[in-house]
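In: Okay, sequence plus prediction incoming.
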There are 2 protein chains.
Amino acid sequence: MAVKRATINDVASLAGVSIATASKALNGRQDVRAATRERVLAAAAELSFQPNALARGLLSGQTRTVGLLTSDSVGRFGIPVLLGAEDAFGAGEMAVLLCDARGDAIREQHHIRALLSRRVDGLIVVGESTNPRPSISKDLPVPVVYAYGPSEDPADVSFVPDDVGAAAMAVNHLLALGRRRIAHVTGPGHYKAARDREEGFRQALAEAGVAQAGRTLSGVWSQRWGRHAAEMLLMAEPEIDAVFCGSDQIAAGFVEAVRERGRRVPDDVAVVGYDNWEVLSTETRPALTTVDMNLEVLGRTAAQHLFAAIDGKATPGVHTLPCQLVIRDSTSPPGVS
Amino acid sequence: MAVKRATINDVASLAGVSIATASKALNGRQDVRAATRERVLAAAAELSFQPNALARGLLSGQTRTVGLLTSDSVGRFGIPVLLGAEDAFGAGEMAVLLCDARGDAIREQHHIRALLSRRVDGLIVVGESTNPRPSISKDLPVPVVYAYGPSEDPADVSFVPDDVGAAAMAVNHLLALGRRRIAHVTGPGHYKAARDREEGFRQALAEAGVAQAGRTLSGVWSQRWGRHAAEMLLMAEPEIDAVFCGSDQIAAGFVEAVRERGRRVPDDVAVVGYDNWEVLSTETRPALTTVDMNLEVLGRTAAQHLFAAIDGKATPGVHTLPCQLVIRDSTSPPGVS
DNA sequence: CTCCTGGACTTAAAGGTTTTCGGAAACGTA
DNA sequence: TACGTTTCCGAAAACCTTTAAGTCCAGGAG
C-alpha cells in the first residue's frame, strides 16, 4: 500500500507552480502556458495524483454519484435493471451507490437518509414487481426516477415494461400461426403484471374475433403450477392448440406436463412464456418462445432520464417501454414454415 | 423538492449558538449543557439537517464507503456475494459503491481509479469463477479482499467456498445411502471449480475404498450436457446407482434423461447437484439434493474481514468457507428411511 | 480578597479543490 | 517614455464539518 496520497499541493510544488495553476493545467483550462502544463502533468503522473472527489464535490455541490434503491435485489428483475443503470452511468463518470431495503419501509427511509447525507445527485428506485409503490419523492432535494415498479404519484418519473402490448404481441404471434383455441395460465391476480398480461391477451383475441379457450387460470409463478394447470387444462379443454403463460416458469412446467401427456409441442400445443429467463427458456425442450422485457434497456433509460432530471429536464409520468418477442421452437420448430 | 439544504451553520444560528457547540450537541459530545443541546437538536430537526458526509470525510479521511468490483455481476455467483456484503455493510453505516468491469481489464483499471478518487475505505473484488485472478492490491492505498474468485497473490486476503470438502461431503452422503457405483459428470476442466469438485469426489471414494463408476465426464455447465452425459453413461455403465453432478444445471438435465430412459430417481439412480440454484434444484422432479456454497455468508464474511483490514487487522491468505449439503428427494425420497 | 478549577461556550484552523480576481511581465503603439 | 493590451500566474475565498485551543465566568478554597 502506498504511504500517502498526493494532493494537488504536492503536484504544484513538484512542478514549481501555485496550486491554482496546477488546477488549471490539470483541468485543461486555457490560461496556462503549454510548457507549464507539461510540467504539471508530468508531476501529477509521477506522484500518481488522483483528485480528491470529496473536496471537489464539497465545492461544486455535485458528487456525480447516484443512489440505487432496490426493494428486493435478490429478485429476478432488479438485477438487469441495475446492470443497465450501472452501464449508463459507468459510461460517463458516474458511480452507483447500492442499497437494498429488503421490502422494509423503515430500512428504506434509513437508506434514503444515508444517501442524502452522502449528497447523491439523484435516486433510482427499482421495484420488485410492476405494482405501483408509494412515492418517496416528496420533500427530497434530489430527483428520483422509478424503474420497473412505478410510483403511485403520477407527477413522478417512472419506467415500466409494456406488459399489455407484449401480451398482445404474443397472442398475435399465435394467431398468425393459425392457432385459434388459445388458453391463458398466469400468476396471482394481485400482481399488476398478471392483470396487464391478461388484458393484452384479451384485447388481442377480441380484436381478432377469437374466443378464449377456457378461463384464465391464476396460480403462482412456479413451474409446479404450470404443470398442474396443464393437467387441468388438457382435461377440461382437450382441444386447445396454444397457451400463453404469464411467466417462463409456468411455461416450463406447462411444456413438461404437455409432453408427458403425449401431446407434442408445438405441433399439438404451441406455448409462449414470459420473461426470457434464459436458464429456463433456452433449456426446456423445445426452447421457449417468450417475451423479453428488455430490462437492461429499461434500466439504462431510467438512468439517462435521471441525468436529464438532474439537469432540470424531468419528464414526469409513467413511461412504458416496448418488449420484444423472442421466437423459439415452442411455437415454430426449426424446419417448419 | 426542498429548496436548500441546511448546514450546521443554519442550525447553529437558529439555535443561537456557535457551530462548534452545534457540532458537539449533534454528536453527543460532553461539554454542552442539556438545555443547549435540546435547542440545537430542535433546530436541526426543524431544518431537517443532514450532516454533509463529504465535508466530514474530507476532514476525517474516512468515507465509510467501500467499492465492490465485480467482473461479471450478471453471473450466477456475484449476486449473493454482493447481497451478503451489502448486508454486512448496511447493518452499520457503510455504503457500497458498485462497479461492474464486465471482464475487461481496462475497464477494471478505470473503475479502480474512479473508486480511489472517491476515497473508498476498501475494496471487495468478486470473481466470476473460483479460478484465481490477477491481484490488484499492489500499490493501492486501501485494503482489498477477494470473494469467490481468489487472488493469485497469497499475500492478499481471499475467501472461497470449500469445493473439495463439499464434493467429498456429497459423495459421503451417497455412500451412506449404500450406493457403490457412483459416477461424476461435471463442467469444463479449465474451471478450478470442476477440478476441485472432482478432487473431493475422488478423495471420498478413495477413503471408502470404492472405485469410481466410469470416467469423469467433462462438458459444459448446461442442462443439455447433463442430458447428453446421462444418455452416454446409462449406455456405457448401465449398472451405476448414483451420480455426482458438478452443477444443478447438469443435474437437472441428468435427472430428466434418466427418467426418460425409464429409470427411477433416486431408487435406481441417486443424483446430487451443486449450487442450490433454487429455480432448478427445487423445481426438478424429484427436487435435487445439492451443495449450497453459502455465498451470502461468504460475502458477509469477506465484508467483515474488509472492516478488520481497514482497521489494520488483515488476515492474509486464501480462506475456504464450508459449504452445506441440502438433502432433497433426488437422493432420499420422502417416506423412505 | 485572590487564586484556582472546571464548566460552557467560541474562535480558528484544517482538510483538498476550484474559481475569481488581481498582479506582473512582455510587448506593441503613440 | 508613457500607456494600453495580452498572456500567464498566484493569492485567497469558498464549500462544510470537526476539533484543539482559548475565553469567560461562577464558585470554591485558601
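Out: It's in.
In: Secondary structure element holding the residue nearest to residue A:212 when sequence neighbours are not counted?
Out: What sits nearest to residue A:212 in space, not counting adjacent residues and going by C-beta to C-beta, 6 or more residues apart in numbering or on different chains, is residue A:205, at 5.7 Å. Where C-beta positions appear, they are placed from N, C-alpha and C, glycine not excepted. Per DSSP states H and E: residue A:205 is located in helix A:192-208.
In: give the contact list for the residue in the stretch 201-337 of chain A that DNA strand D sits nearest to.
Out: In the stretch 201-337 of chain A, the residue that lies nearest DNA strand D is residue A:310 (17.5 Å; C-beta to the nearest atom of the strand). Going by C-beta atoms under 8 Å, 6 or more residues apart in numbering or on different chains, residue A:310 touches A:121, A:122, A:142, A:143.
In: tell me the contacts of the last one?
Out: Residues touching residue A:143, when contacts are defined by C-beta under 8 Å, 6+ apart, comprise A:122, A:123, A:137, A:157, A:306, A:309, A:310, A:314, B:1.
In: where are the low-confidence patches of chain A?
Out: A:1-3, A:73-75, A:334-337 (pLDDT under 70).
In: Identify the residue nearest the geometric centre of it.
Out: Nearest residue to the geometric centre of chain A (C-alpha atoms, centre = their mean): residue A:81, 2.6 Å.
In: if we can go back for a sec, dump the contacts of residue A:310 into a markdown table; add secondary structure as well.
Out: As requested, those are arranged in a markdown table below (DSSP: H, G, I helix; E, B strand; the rest coil):
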| residue | secondary structure |
| --- | --- |
| A:121 | coil |
| A:122 | strand |
| A:142 | coil |
| A:143 | coil |
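In: which one of those is nearest residue A:49?
Out: residue A:121 (24.5 Å; C-beta to C-beta).
In: Confirm for me that the closest one is in contact with residue A:66.
Out: Yes. Because the distance of 5.9 Å satisfies C-beta atoms under 8 Å, residue A:121 is recorded as touching residue A:66.
In: who's more crowded, these two?
Out: residue A:66 (27 against 19; other C-beta atoms under 10 Å in any protein chain shown).
In: element containing that one?
Out: Applying DSSP H and E, one finds residue A:66 within strand A:65-70.
In: Does chain B have contacts with that strand?
Out: Yes. Contact of strand A:65-70 with chain B (C-beta under 8 Å from any C-beta of the partner chain) involves A:65, A:68.
In: strands paired with that strand, and their directions?
Out: According to DSSP bridges, strand A:65-70 forms sheet pairs with strand A:95-100 (parallel), strand A:122-126 (parallel).
In: hmm, who's touching stretch A:192-200?
Out: With C-beta under 8 Å, 6+ apart, stretch A:192-200 has contacts from A:129-132, A:163-171, A:184, A:186-189, A:216, A:218, A:244, A:246, A:274.
In: Select only the buried ones of those residues in ChimeraX?
Out: Entered in ChimeraX, the line below selects the buried ones among those, by 16 or more other C-beta atoms under 10 Å in any protein chain shown:
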select /A:129,130,132,163,164,165,166,167,168,169,170,171,184,186,187,216,218,244,246,274
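In: I'd like to know which of the contacts of stretch A:192-200 are part of helices.
Out: A:163, A:164, A:165, A:166, A:167, A:168, A:169, A:170, A:171 (DSSP state H).
In: any chance of those residues in JSON lines, plus distance to chain B?
Out: As requested, the ones in helices among the contacts of stretch A:192-200 are arranged in JSON lines below (distance: C-beta to the nearest C-beta, whole Å):
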{"residue": "A:163", "distance to chain B": "21"}
{"residue": "A:164", "distance to chain B": "26"}
{"residue": "A:165", "distance to chain B": "26"}
{"residue": "A:166", "distance to chain B": "22"}
{"residue": "A:167", "distance to chain B": "23"}
{"residue": "A:168", "distance to chain B": "27"}
{"residue": "A:169", "distance to chain B": "25"}
{"residue": "A:170", "distance to chain B": "22"}
{"residue": "A:171", "distance to chain B": "26"}
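In: can those go into a markdown table with extra columns for distance to DNA strand D?
Out: Listed next are these as a markdown table, based on distance: C-beta to the nearest atom of the strand, whole Å:
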| residue | distance to DNA strand D |
| --- | --- |
| A:163 | 44 |
| A:164 | 46 |
| A:165 | 46 |
| A:166 | 46 |
| A:167 | 50 |
| A:168 | 51 |
| A:169 | 51 |
| A:170 | 53 |
| A:171 | 56 |
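In: which among those residues gets closest to residue B:251?
Out: residue A:170 (31.2 Å).
In: residues contacting that closest one?
Out: By C-beta under 8 Å, 6+ apart, the contact set of residue A:170 is A:200, A:201, A:244, A:272, A:274, A:289, A:291, A:325.
In: wait, what's in contact with the third one?
Out: Spelled out, that is residue A:244. Applying C-beta under 8 Å, 6+ apart, we find residue A:244 in contact with A:167, A:170, A:171, A:174, A:182, A:183, A:184, A:185, A:197, A:201, A:272.
In: Out of those, flag the one nearest to residue A:103.
Out: residue A:197 (23.1 Å).
In: Any figure for the gap between that closest one and residue B:172?
Out: Using C-beta to C-beta, to the nearest Å, residue A:197 is found at 47 Å from residue B:172.
In: do residue A:251 as well
Out: 38 Å.
In: Comparing the two, which residue is more hemmed in?
Out: Higher neighbour count among residue A:251 and residue B:172: residue A:251, with 31 against 16, using other C-beta under 10 Å.
In: that's a strand at residue A:159, yeah?
Out: Yes. Assessed by three-state DSSP, residue A:159 belongs to a strand.
In: I figured it hits residue A:319, correct?
Out: Yes. Counting by C-beta under 8 Å, residue A:319 is a contact partner of residue A:159 at 5.1 Å.
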